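Visitor: Here is the input, now give the coordinates:
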Amino acid sequence: MEGLMKSVQQVWCSIKYWVSWIALKLKDVNVLTRRDESILQCFNLPLTLRKEIAISVKWKHRKPGWVKLNVDGCSLGNPGPSGAGGIIRNHKRDLVCGFSVAIGHYSNNFAELMSLLHGLRHIDQMGHLFVEIELDSMLVINWLRSQRRGLWYMEDYWEEIQSRLAGLHVSFVHCYQESNSVADDFAKLGAKGLTGSWTSLSELPAHIRGNFRLDRGGLPYVQKVRRVC
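Guide: The predicted structure is shown next:
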């Protein structure tokens, strides 16, 4: 081809290479045709299909004497108009405080960390000392556990977070996004430009009040996950 000569073995190796490369991409495919399967078997390549299954997840309350702070960040565009939001509940699953904050034009990671900061400020104002903090950002969880931030321009905010955490009995929990829906709702309000706080269930926006009642009733959310089959 184009004046170049290759041996049969070279051509065969090239074919196997590209078929192998395509096979790696099949991890995001749910269904293969019989012809696809026969081709992979011909080349002795493994099938690594992922099947989508549904699992139930739900918000869980803390033991007496503790409050639970759920926080979330939202960036419409990433970066884009961003908001921080969260909710504090007691061990009876009752509302202590919900909040939303418009924080400007930032990334989702910035919004996640700012939601934590604003949540800790509310915790301090209310005088709570035993706090379980739950969020769906594994990145921020890792920053907190290693006590190292990932965003250099947030140094001042990070120092305030560490200072506020130092005065608390605190634990960090990662959760699925579905079971963090109330905090996510507040964060979306912030991204739309609304800054406010709520201490009464009757004053909450209707859609947030509905998700809050689902959590308080112990009802599960459905999460779809992919597993290798």
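Visitor: in this protein, which spans are strands?
Guide: 50-57, 67-75, 80-89, 95-106, 130-135, 169-174, 196-198, 221-228 (DSSP state E).
Visitor: So which of the ones you listed is nearest residue 35?
Guide: strand 50-57 (20.0 Å; C-beta to C-beta). Where C-beta positions appear, they are placed from N, C-alpha and C, glycine not excepted.
Visitor: For the protein, give me the ranges with low pLDDT.
Guide: Residues of the chain meeting the criterion pLDDT under 70: 1-3, 22-32, 43, 45-52, 150-151, 224-229.
Visitor: care to break this structure down by domain?
Guide: 8-48, 67-225 (automatic domain parsing).
Visitor: Do a quick rundown of the helices in this protein.
Guide: With DSSP state H as the criterion, the chain has helices at 8-25, 34-42, 108-126, 138-146, 155-166, 181-191, 206-216.
Visitor: Adding mean neighbour count, write the ones you listed out as JSON lines.
Guide: Output for those, formatted as JSON lines (neighbours: other C-beta atoms under 10 Å):
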{"stretch": "helix 8-25", "mean neighbour count": "11"}
{"stretch": "helix 34-42", "mean neighbour count": "12"}
{"stretch": "helix 108-126", "mean neighbour count": "22"}
{"stretch": "helix 138-146", "mean neighbour count": "15"}
{"stretch": "helix 155-166", "mean neighbour count": "14"}
{"stretch": "helix 181-191", "mean neighbour count": "25"}
{"stretch": "helix 206-216", "mean neighbour count": "16"}
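Visitor: right, so of the ones you listed, which gets closest to residue 102?
Guide: helix 181-191 (5.0 Å).
Visitor: Give me the residues contacting the closest one.
Guide: 59, 70-76, 80-87, 98-103, 111, 115, 135-136, 177, 196, 205, 207-208, 211-212, 215, 221 (C-beta atoms under 8 Å, 6 or more residues apart in numbering).
Visitor: hmm, which of the residues you listed are the buried ones?
Guide: Among the contacts of helix 181-191, those scoring as buried are 59, 70-75, 81-87, 98-103, 111, 115, 135-136, 208, 211-212, 215, 221 (criterion: 16 or more other C-beta atoms under 10 Å).
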